[in-house]
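S.K.: Fold the following.
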Amino acid sequence: MADARWTFARTTAFRVTLLHLLLTLAGTLLVGGGAWWATVGFGARQAAQEIERGMGVLLQSGALSGPRGIALSIEARMAADRTGAEFYLLAGPDGQRIAGNLSGVPRDPGWREGTIRLPQGNEAPVLMLAAPLPGGGALVVGRDLSAVRDLEARLISVAGWVAGGVLLLGLGGGLLIGRSVAQRAAAMEAALAAVQAGDLDRRLAVGRSGDEFDRLAARINATLDRLQSLMTALRGVTDDIAHDLRTPLTRLRQRLDAAAAAPTAETIAAAQQEADALLDIFAALLRIAQVESGAQRAGFTRVDLSAIAQSVAEVYAPAAEERGQSLTTDIIADVTVTGDPALLTQMLANLTENAVRHGREGGHARLVLTDAEIIVTDDGPGIPAQERERVFRRFHRLDPARSTPGSGLGLALVRAVADLHGWSVTLEDAGPGLRVRVAFRPLPLSGR
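M.R.: I've put the predicted structure just below:
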């Protein structure tokens, strides 16, 4: 129970509150010190200046008229003092008072502060300056500091009340703010704990203030969205692998059974062909996983995308001719990007191969490269609008395409490569056929 009670005292919010409170108190002390210097200190300095001026005038009188001149000046000053705040003493060489209203001579010359008893019977603090006289004797000039000390006492009292108020307000405000911060942190912790327990639909509450907690919650929610999509994709890939690899594995088993029953060169070659097809599928899956990991981004270099597009078009031109198609190009020269040349070649090859394979026999396919996008178009059956996002999933194939060679991984690799480079891929209706747009950001001309 005791540990739970003091849990809040161990939080960062409480430590920040204490630090803020200490800084506030330090600031209050600085302000109080400045106020003391400007009021009490000023009064004490003013009294000292008056004492020095009075001492100078009296010593000058003594230089002109001797002790008698000093005594006359003291009597005149005391008669003119209506406040009763001025104190003087002229003592002879024997220490006896000659003039003034002070009774005792300080032992040492210089400044000192003491307490004297006034005629009214009360005591008053006095600041005094004592100076020896030529030929013996001493002169003392003092000023009453009662007003200064009263102001000092009032200032200390006010400073105490202010410091206490600051302490209470700082603690109260800190506790309220700290408790609010602790509650928001606890809510975030509970939401993340629910996600950790398997509730991937759980999200953090995002307020309208837009403070750092709201921005952090929004970032965590985006991360959880990404995590959920990856988990969904992973489950989908697992289901797709289980479903789509069943047929080739079944064919492989049939080929192996046929080869075992009648081991001829043809049956063995057919089994090897099925095995090679399965290896190609797993190689493509591994390739997609490597691309999605982002590890290959560290090896990005300057790539001449125009040369890659031209090379891919030349490679697939014979395949298009075999189907009676025409593969035309419109490629701008010297389009340079930052990326992985092997992956970009694979992406363009997949798009061009799809255009040739799924395009109409005797039809037309086209590869266009501008300074901001790649456009690959065919005149085949196209892809329905509701299927255009699904075809980027692994093993997803439209029903008419299941009778043609392929694994359903080509567009998945295209999306993975585009995402790795920060590019976007969109599918459009070419009327008839399919148009694929890959938008990218080229390097500036000055960097080529």
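
S.K.: show me what contacts residue 54?
M.R.: By CB atoms under 8 Å, 6 or more residues apart in numbering, residue 54 lies in contact with 77, 86, 88, 141. C-beta here means a position set from N, CA and C on the backbone, and glycine is covered the same way.

S.K.: okay, now the residue lying closest to residue 92 once chain neighbours are set aside: neighbour count?
M.R.: In space, and not counting its chain neighbours, residue 92 is closest to residue 137: 5.0 Å by CB to CB, 6 or more residues apart in numbering. Applying other CB atoms under 10 Å, we find 19 residues neighbouring residue 137.

S.K.: Pull up the gap between residue 137 and residue 361, please.
M.R.: Computed with CB to CB, to the nearest Å, the distance linking residue 137 and residue 361 is 134 Å.

S.K.: re earlier: any chance of TSV for the contacts of residue 54, columns distance to residue 109 and pLDDT?
M.R.: Shown next, in TSV, are those (distance: CB to CB, whole Å; pLDDT from 0 to 100):
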residue	distance to residue 109	pLDDT
77	20	89
86	19	88
88	15	90
141	12	92
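
S.K.: List just the nearest of these to residue 183.
M.R.: residue 86 (65.8 Å; CB to CB).

S.K.: For the nearest residue to residue 327 once chain neighbours are set aside, what are phi and psi?
M.R.: Spatial nearest neighbour of residue 327, chain neighbours left out: residue 320 (4.0 Å); criterion: CB to CB, 6+ apart. Backbone torsions for residue 320, taken as degrees, to the nearest 10, come to phi -70, psi -40.

S.K.: Within its local environment, how many residues does residue 320 see?
M.R.: With other CB under 10 Å as criterion, residue 320 counts 21.

S.K.: hang on, the earlier thing: which one of the contacts of residue 54 is nearest to residue 159?
M.R.: Residue 159 has its nearest neighbour among the contacts of residue 54 in residue 86, at 30.4 Å by CB to CB.

S.K.: Give me the most central residue, the protein.
M.R.: residue 212 (8.0 Å; CA atoms, centre = their mean).

S.K.: got a pLDDT number for it?
M.R.: Looking at residue 212, its pLDDT reads 79.

S.K.: any idea how far it is from residue 104?
M.R.: Computed as CB to CB, the residue 212 to residue 104 distance reads 69 Å.

S.K.: Then residue 29?
M.R.: Applying CB to CB to residue 29 and residue 104 gives a distance of 38 Å.

S.K.: Could you pull out the strands in the chain for me?
M.R.: Applying DSSP state E to the chain gives strands spanning 86-91, 97-100, 110-117, 123-132, 138-144, 301-304, 326-331, 336-339, 364-369, 373-377, 424-429, 434-439.

S.K.: Break the chain down into its structural domains.
M.R.: 2-38+152-190, 40-144, 203-244, 297-447 (automatic domain parsing).

S.K.: And stretch 212-231, how far out from the chain middle?
M.R.: Centroid separation for stretch 212-231 versus its chain: 16 Å, with CA atoms, centre = their mean, to the nearest Å.

S.K.: hmm, I was thinking of stretch 353-363
M.R.: 51 Å.

S.K.: Just the CA trace of it, in PDB.
M.R.: Taking Å, rounded to 0.1, in the frame of the first residue of the first chain, the C-alpha atoms of stretch 353-363 are listed here in PDB:
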ATOM      1  CA  GLU A 353       6.300  -8.500 -69.000                       C
ATOM      2  CA  ASN A 354       2.700  -8.100 -67.600                       C
ATOM      3  CA  ALA A 355       1.800  -5.700 -70.400                       C
ATOM      4  CA  VAL A 356       3.100  -8.200 -73.100                       C
ATOM      5  CA  ARG A 357       1.600 -11.300 -71.400                       C
ATOM      6  CA  HIS A 358      -1.800  -9.900 -70.500                       C
ATOM      7  CA  GLY A 359      -2.100  -7.700 -73.600                       C
ATOM      8  CA  ARG A 360      -4.300  -8.700 -76.500                       C
ATOM      9  CA  GLU A 361      -2.600 -10.900 -79.100                       C
ATOM     10  CA  GLY A 362      -1.900  -8.800 -82.100                       C
ATOM     11  CA  GLY A 363      -2.400  -5.800 -79.900                       C
END
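
S.K.: who's in contact with residue 16?
M.R.: Counting by CB under 8 Å, 6+ apart, residue 16 touches residue 178.

S.K.: what does residue 376 give?
M.R.: Contacts for residue 376 (CB under 8 Å, 6+ apart) come out as 351, 352, 354, 355, 365, 366, 367, 368, 435, 436.

S.K.: Burial check on the first one, number of neighbours?
M.R.: Right, residue 351. Residue 351 has 25 neighbouring residues, counting by other CB under 10 Å.

S.K.: repeat for the last one
M.R.: Residues within reach of residue 436, counting by other CB under 10 Å, total 24.

S.K.: Which residue, other than its chain neighbours, is closest to it?
M.R.: Here the residue nearest residue 436, using CB to CB, 6+ apart, is residue 376, at 4.7 Å.

S.K.: Show the backbone phi and psi for residue 440.
M.R.: When quoted as degrees, to the nearest 10, the phi and psi of residue 440 stand at phi -140, psi 170.

S.K.: how close does the residue nearest to it when sequence neighbours are not counted get to residue 259?
M.R.: Excluding its sequence neighbours, the residue lying closest to residue 440 (CB to CB, 6+ apart) is residue 423, at 4.5 Å. From residue 423 across to residue 259, the span is 45 Å (CB to CB).

S.K.: Show me where the stretch 51-200 of the chain has its helices.
M.R.: 146-196 (DSSP state H, counting those that start in this stretch).

S.K.: where in it is pLDDT low?
M.R.: 118-121 (pLDDT under 70).

S.K.: what residue ranges in the stretch 201-350 of the chain score low on pLDDT?
M.R.: Under the criterion pLDDT under 70, the flagged ranges of the stretch 201-350 of the chain are 233-247, 280-298.

S.K.: Most tightly packed of the domains of the chain?
M.R.: Scoring the domains of the chain by mean neighbour count under mean count of other CB atoms under 10 Å gives domain 297-447 as the most buried, with a mean of 17.

S.K.: Pretty sure residue 69 sits against residue 62.
M.R.: Yes: Residue 69 lies in contact with residue 62 (CB atoms under 8 Å); the separation is 5.9 Å.
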